[in-house]
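Q: following is a predicted model, sequence given first.
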Amino acid sequence: MRRLLVTIAAALVAMVVTATPALAHNVLVSSDPAKGATLDTAPSQVTLTFDAPVQGGNVNQVSVTGPGGTQWAEGDVRISSNVVTVAVRPLGPAGQYTVGFRILSADGHPVTGEVPFTLTKAGTGTPATASAATGTDTAQPAAQSGGGVPVWVWIVGAVVLLAIGLTLALRMGRDKA
């Protein structure tokens, strides 16, 4: 019985020591315009930089919402490794604008967030139409948009394997007695 307990303890220690860290979701590290920025002139594009590469596919979205819920992003989302870019129409009224994003993280999970900025001088632009403000990425094939395996699957698998090993060890121990 002592030998069995030592074996189980060694197996548990080995599992803990060799476990790899869980994949983390992407984190926004910078944006242009910056979060909370006050601008006199409107940006021609929005650039979001993440800490890890962003997966491609038609799931990445970036929007620029202005006063009154108007949409100002225009065209497709472009991805270059960890940098996500979308064109912005010439902005209209002065006020607060919000860059909203939903990207597919390197680990296969969606990451969302917002970056507000303020335009202090009104522009002459008009909001985007529904068809112009698609905000989807078409630069990379959709086949690359696969997801990761949830961690709970690995935990359940480890518990099942541990239960099988314990059952076999106990049965083999009884046969010898």
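A: Sure, I can see it.
Q: rest of the way, CA atoms for contacts and neighbours
A: Fine.
Q: what helix or strand is the nearest residue to residue 112 once chain neighbours are set aside on?
A: Counting by CA to CA, 6 or more residues apart in numbering, the nearest residue to residue 112 once its immediate chain neighbours are dropped is residue 102, at 4.3 Å. Here residue 102 sits within strand 95-104, counting by DSSP states H and E.
Q: residues in contact with the residue nearest to residue 112?
A: For residue 102, the residues meeting the contact criterion (CA atoms under 8 Å, 6 or more residues apart in numbering) are 59, 60, 61, 62, 110, 111, 112, 113.
Q: let's go with 7 Å and repeat that
A: Applying CA atoms under 7 Å, 6 or more residues apart in numbering to residue 102 gives the contacts 60, 61, 62, 110, 111, 112, 113.
Q: ok, the fourth one touching residue 60?
A: The one in question is residue 110. No. With contacts counted by CA atoms under 7 Å, residue 110 stays clear of residue 60, the gap being 8.7 Å.
Q: which stretch of helix or strand covers residue 43?
A: Residue 43 belongs to no helix or strand, assigned by DSSP H and E.
Q: picking up where we left off before, common neighbours of residue 110 and residue 60, please.
A: In terms of CA under 7 Å, 6+ apart, residue 110 and residue 60 are both contacted by the residues 102, 103, 104.
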